[in-house]
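Undergrad: need coordinates for the following:
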Amino acid sequence: MFVVLKRKQILRALIAVVVFVACVVCLTYADVSRTVFAKSARKVPVYRVDVGEEKVVAISFDAAWGADKTRKIVELLRERDVKATFFLVGFWVDAYKEEVAFLADSGMEIGNHSKSHLHMSTIGPEQIKEEVEYVNAAVRNLTGVTPRVFRAPFGEYDDRLISAVESAGMIAVQWDVDSLDWKGISGEEIARRVVGKVTNGSVILCHNNSDHILDALPTILDELIAKGYRFVTMSELIYTEDYTIDAQGVQRKNQKES
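TA: Residues are numbered from 1 along each chain as shown. Modelled structure (predicted):
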């Protein structure tokens, strides 16, 4: 009898130890998980804006090489009373100063697309800062206006880049609708891709000197306008304060507590 009781006591003690160890492991894992998640949560630029039921979109044009089609693009936009955002690279600004002034005078927004169109994650903090600030200064000198939005070359970004952009008083943006005009596809294919993918709050990516952008643009604009969409600049589309950006890059206005 004594032996049986002793064995039961030992068994209970062992079970208690196992449960205690399991609890400690679980709590430790939870703490580590929270710490790792907090450290690994990365900054994300704006890909799309949650605008609810409002049918509003932003169309944008990256300008890095060539300017032959820029004025015709603006003409097509202005014929339809559409505003767009042109993301300019620094060496494009230097090469086409008259075009920069023309864009501003035409009511288009000018965004920052870096000085040299580098893979920004491969350079150091000081060079990142120079890449961002150079374009801001160059555009400000030509137009009197400092860019408010930044788009990373190649769509590549990391926390250092977004932090540098935020430090410069700007918001980093990407896109959720890629026209793929840079691939040389036909104007019809470009238009079909864009019109088929746009939703409320979309950001459309085009390029100012792609092969068939002038063929595609009238169809994109006319069909989206016919669907009830209104075009605004990037700065008009995004929220500049009191917002959150989820892991998919959807920017939402924070709900005010009643």
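
Undergrad: please parse the chain into its domains.
TA: 1-41, 48-253 (automatic domain parsing).

Undergrad: how close does Arg252 sit to Val149?
TA: As judged by Cβ to Cβ, to the nearest Å, Arg252 and Val149 stand 18 Å apart. No exception for glycine: its C-beta is placed from N, CA and C like everyone else's.

Undergrad: compare these two (neighbour count), which wins?
TA: Val149 (26 against 15; other Cβ atoms under 10 Å).

Undergrad: from Ile245, how far out is that one?
TA: Going from Val149 to Ile245 by Cβ to Cβ gives 14 Å.

Undergrad: what do you get for Gln127?
TA: Gln127 sits at a distance of 25 Å from Ile245 (criterion: Cβ to Cβ).

Undergrad: of these two, who's got more company?
TA: Taking neighbours as other Cβ under 10 Å, Gln127 and Ile245 compare with Ile245 leading, 21 against 15.

Undergrad: backbone torsions only: list them for the more buried one.
TA: Backbone geometry at Ile245, expressed as degrees, to the nearest 10, gives phi -130, psi 120.

Undergrad: same deal with Val135?
TA: According to degrees, to the nearest 10, Val135 has phi -70, psi -40.

Undergrad: quick check, pLDDT for it.
TA: Predicted confidence (pLDDT) for Val135: 98.

Undergrad: list the contacts of it.
TA: Taking Cβ atoms under 8 Å, 6 or more residues apart in numbering, we find Val135 in contact with 88-90, 93, 112-115, 147.

Undergrad: can I have the buried ones of those residues as a ChimeraX selection?
TA: In ChimeraX, this line selects whichever of the contacts of Val135 come out buried by 16 or more other Cβ atoms under 10 Å:
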select :88,89,90,93,112,113,114,115,147
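
Undergrad: re earlier: please identify the deepest-packed of the domains of the chain.
TA: domain 48-253 (a mean of 18; mean count of other Cβ atoms under 10 Å).

Undergrad: so Phe154 sits in a helix?
TA: Yes. Judged by DSSP: H, G, I helix; E, B strand; the rest coil, Phe154 forms part of a helix.

Undergrad: wait, it touches His119, no?
TA: Yes. Taking Cβ atoms under 8 Å as the definition, Phe154 is a contact partner of His119 at 6.3 Å.
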